[in-house]
Structure formats: structure tokens, C-alpha cells
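Visitor: Model the following, please.
(chains A and B)
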Number of protein chains: 2
Amino acid sequence: MGIIITIGREFGSGGRELGRRLADELGLAYYDREILLEIEKQTPYCLEYIEQVTENKPLPLLPIHYGMSFSATNDPNLSQSIDIYAAQKKVLQDLAAKSSCVIIGRCADDVLKDMHPVRLFVYADMPSKIIRCQSRSKEGEKADPRSLAREIKKVDKNRAKYYEFYTGKKWGDKANYDLMINTSGRSLKEIAHGLTEMLAPYLKKD
Amino acid sequence: MGIIITIGREFGSGGRELGRRLADELGLAYYDREILLEIEKQTPYCLEYIEQVTENKPLPLLPIHYGMSFSATNDPNLSQSIDIYAAQKKVLQDLAAKSSCVIIGRCADDVLKDMHPVRLFVYADMPSKIIRCQSRSKEGEKADPRSLAREIKKVDKNRAKYYEFYTGKKWGDKANYDLMINTSGRSLKEIAHGLTEMLAPYLKKD
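Guide: Predicted coordinates for the structure are as follows:
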């Protein structure tokens, strides 16, 4: 069986870039938006809709989670969200079975738990996340820090609810990860390099 | 200024051994029980009493934390605990100023925050912590898993309350650490070796 590294990440923490660098250093496949393109092929939904659904909580007031016995629902939005989650689950399982890889987000740590992935969570303090988001935006388009902070909080809240809805576990809770990395004020390039060494004992299969 | 690594750790997670190995690999001084011996020299209290006080919450029902304005108390136990904490703080500051080092526990991440330590937190799941505790006990003295689990929870609860009382922050909350390491089912020797590489970017002084 191959090596699977899953990366949960706060918005603006640099988790995606860290995952890309890690995949490069370790010579592994890297899956992020590629997963959405696969879901598009396997379902009747368009990419934009899939993207929106997989970054948002399915319904605000449903405490039950998908892993438990779940009877048919009359709500078309919830029904489509569950359809897409099921397709995503299958895509993840197929990709992980094919070759060793790094997977960003998408509850992959839980979906692939039987394959014993190395589960990372990447986070940072708010000032660092704001600086990182600003550095990504085009010249002349820099959002002000307060509205960026609101946006970052909103995205992370949605990620937390999505994760909790489908896994029944708390997003960002250390019990669900092998290594949690605070990137505040640090170079992702250097962290990725060190992480390659750090992960060696985790990558040994039992 | 030197390199300071602080290690918060759940009981039975192997944080102490990891710290010792890390200090060896990086060629740093290592401080754990040495701190208690220093406090003994500087206060009228005996080692056993210092040990007991620094592993337990000072008082169960006081929400105020030591960093805030704190008027004299009539409770002799609390007063002695605060005395010992003040002595411990001074010992930590003196040791950290003297040379680069690894420090286990003792709210060192907060006490030394102006020196920008690299703050680690080491944790593990309960089955792994039980196995680690059992492997430390002498032949024929193995405690049963249920009573060990109770003991582990009790020690960690006390550590959490002690930390919260003196720092006003939550023990084990990722916001307070740079790297959180789950040692469940892993070799501490290999983790320490990888960690040495992983820490390189964190050890660069800004």
C-alpha cells in the first residue's frame, strides 16, 4: 500500500502551498482541484456548483452526520450535497488506491482512514493569514485587513461545519491529526523541507 | 540570543523523552527536574512540596489568573503556590538567558514568551499513553489499564488547570504552540531525529 498524506488547513495558512511543496520533495502525486474535475465527470453537476457545495456546510441546522443511518431527505439541496460527497468519497478512494499522494482538504483524513493516512493540519494566527491573503491578490486589489479577517473566519467556519457534518468529528481538533503545524511568520519552503524529514517515521507502514 | 525550545506534554505521551533526545541531537542543555532543585535552593520549601505544588492546580475555584493584578491572599496554600511559581519563573529566565536549551513543562512557553521560544506540544491517544506508562513500570507492578487511564486523566487535568491559572490560556490549545506532535504508536527516537530537521526554520532568529 502507498503513502497517503492528508492536509486539513485554515484559510490563508499556506496549507495548500505546503502540500504542493511536500508532494514535490517526496515525489508524490498532488490532488486538490483535480478532485473537483473528477467529480464533475462522474455527476450531473457543474464545476462551480460542486465547488460551492464542497466548501460550505450542507445545512445549518442538521446535527446528524452522514456516517450514521440516514434516511432519504426531501430537501433537494441536502440531497445534492450528499450526492456530491459520495462521488468525492469514491474519487478519493480511487486516487489513493492508484498511487501515493498528498490530498488537500475534502475530509480525506476521515474518508481514507482505513488506509492509515498521515494526517496534517496547517494553521496560523490571523495577522499571518491576512498577510498571506494580501500577498496573493493582484496589485491595486488589496482588500483591507478587517474585511479579509471577516472573510477568513467565514471560510473556516464553513469548513468546520462541513467537516463536522460529514465526519461527526471536530475540525482542527488535535485528536484527529498526527502533526499540527503553525505557519505564522515562517517560510513555507523551509517548513516543507524540514517536514520531509519529520514525516519519515510516520510514512513507515506498520 | 540563544535557542529556547519549550515542550508541553500530556502525561504518558513521551514528551519528556522526546525533549531529552532533541536536546542531545541539537546539542542543547535540557531542563526538567533540574528546575525543581533550583527552586529548592531559592525558597524555604522542600523538594517534595515544590513537586506537588507545581503539578497541581493552585486552588480549584479561583478564576482570576496570576498575570492580572493580584492582591495579597489570606490562603497560605495559594500564597505558597504563588511564591513557588515566582521562584520558578526566575529560575526559568536565568537558565534561558545562560544558554540555548530544551525546557519541559512549567508554563515555560508563556514565562519565556519575550524570548520567542519554539513551543512544542506532545500528545497521544489514551491506548498509546497506557502502553507507554506500563512499559515504564517495573516487572510485576503493571497497573491495570483502567486505573492507569484514570490516573493519566487526573494528571492532565491538573496540568491544564495549573497552566490556565498562571497563564490565562488554554493548555493544549493549538494557538499557543508552533508544532503539535501526536506520538501515538510511533518511535520517539525516529520522531526526535526528524524533528531536528523540522525545527531548522523555527530556530532561525527573526
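Visitor: Going by contacts, tell me the helices and strands next to the strand or helix carrying A:Glu51.
Guide: Secondary-structure assignment from DSSP states H and E places A:Glu51 in helix A:47-53. Packing partners of helix A:47-53 (3 or more C-beta pairs under 8 Å, 6 or more residues apart in numbering or on different chains; DSSP states H and E): helix A:33-42, helix A:76-98. C-beta: built from backbone N, CA, C; applies to glycine.
Visitor: List the buried residues for that helix?
Guide: By neighbour count on 16 or more other C-beta atoms under 10 Å in any protein chain shown, the buried set for helix A:47-53 is A:50, A:53.
Visitor: got the contact list for that helix?
Guide: A:36-37, A:39-40, A:43, A:45, A:80-81, A:84 (C-beta atoms under 8 Å, 6 or more residues apart in numbering or on different chains).
Visitor: 7 Å instead, please
Guide: Helix A:47-53 has contacts (C-beta atoms under 7 Å, 6 or more residues apart in numbering or on different chains) with A:36, A:39-40, A:80-81, A:84.
Visitor: Can you report how many residues lie near A:Leu92?
Guide: Using other C-beta atoms under 10 Å in any protein chain shown, A:Leu92 has 24 neighbouring residues.
Visitor: wait, what's in contact with it?
Guide: For A:Leu92, the contacting residues are A:35, A:103, A:106, A:108, A:111-112, by C-beta under 7 Å, 6+ apart.
Visitor: try 6 Å
Guide: By C-beta atoms under 6 Å, 6 or more residues apart in numbering or on different chains, the contact list for A:Leu92 reads A:108, A:111.
Visitor: how close does it sit to A:Ala160?
Guide: According to C-beta to C-beta, to the nearest Å, A:Leu92 and A:Ala160 sit 20 Å apart.
Visitor: Then A:Asp75?
Guide: Distance from A:Asp75 to A:Ala160, by C-beta to C-beta: 21 Å.
Visitor: more crowded one of the two?
Guide: Neighbour tally, A:Asp75 and A:Ala160, criterion other C-beta under 10 Å: the higher count belongs to A:Ala160, 16 against 12.
Visitor: Next, the more buried one: phi, psi?
Guide: phi -60, psi -40 (degrees, to the nearest 10).
Visitor: That one reaches A:Asp173, doesn't it?
Guide: No: using C-beta atoms under 6 Å, A:Ala160 is not in contact with A:Asp173; the gap is 9.9 Å.
Visitor: Near chain B, which residues of chain A? Just list them.
Guide: Within chain A, the positions near chain B by C-beta under 6 Å from any C-beta of the partner chain are A:174, A:178, A:180, A:182, A:186-187, A:190-191, A:194, A:197-198, A:200-201.
Visitor: List the buried residues for the lowest-mean-pLDDT helix or strand in chain A?
Guide: Every helix and strand of chain A was ranked by mean pLDDT, DSSP states H and E. The lowest is helix A:200-203, at a mean of 73. Of all the residues in helix A:200-203, those buried under the rule 16+ other C-beta under 10 Å are A:201-203.
Visitor: same check, this time on stretch A:15-26
Guide: Quick answer for stretch A:15-26 (16+ other C-beta under 10 Å): A:15-23, A:26.
Visitor: Include pLDDT when you put those into JSON lines, please.
Guide: Shown next, in JSON lines, are the buried residues of stretch A:15-26 (pLDDT from 0 to 100):
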{"residue": "A:Gly15", "pLDDT": "96"}
{"residue": "A:Arg16", "pLDDT": "95"}
{"residue": "A:Glu17", "pLDDT": "96"}
{"residue": "A:Leu18", "pLDDT": "96"}
{"residue": "A:Gly19", "pLDDT": "96"}
{"residue": "A:Arg20", "pLDDT": "96"}
{"residue": "A:Arg21", "pLDDT": "96"}
{"residue": "A:Leu22", "pLDDT": "95"}
{"residue": "A:Ala23", "pLDDT": "95"}
{"residue": "A:Leu26", "pLDDT": "91"}
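Visitor: Return the subset of the residues you listed lying in helices.
Guide: A:15-23, A:26 (DSSP state H).
Visitor: Turn the helices and strands packed on helix A:47-53 into CSV, columns for mean pLDDT.
Guide: Below are the helices and strands packed on helix A:47-53 laid out as CSV (pLDDT from 0 to 100):
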stretch, mean pLDDT
helix A:33-42, 90
helix A:76-98, 88
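Visitor: Could you tell me the phi and psi values at the most centrally placed residue in chain A?
Guide: Per C-alpha atoms, centre = their mean, the C-alpha nearest to the average position across chain A is that of A:Gly105, at 1.1 Å. Backbone torsions of A:Gly105, given as degrees, to the nearest 10, read phi 60, psi -150.
Visitor: In CSV, list the C-alpha atoms belonging to the helix holding A:Glu51.
Guide: What follows is helix A:47-53 as a C-alpha-only set of coordinates in CSV (Å, rounded to 0.1, in the frame of the first residue of the first chain):
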residue,chain,number,x,y,z
LEU,A,47,-17.8,22.6,-11.6
GLU,A,48,-19.0,25.9,-10.0
TYR,A,49,-21.8,24.1,-8.2
ILE,A,50,-19.5,21.3,-6.9
GLU,A,51,-17.0,23.9,-5.7
GLN,A,52,-19.6,25.8,-3.8
VAL,A,53,-21.2,22.7,-2.2
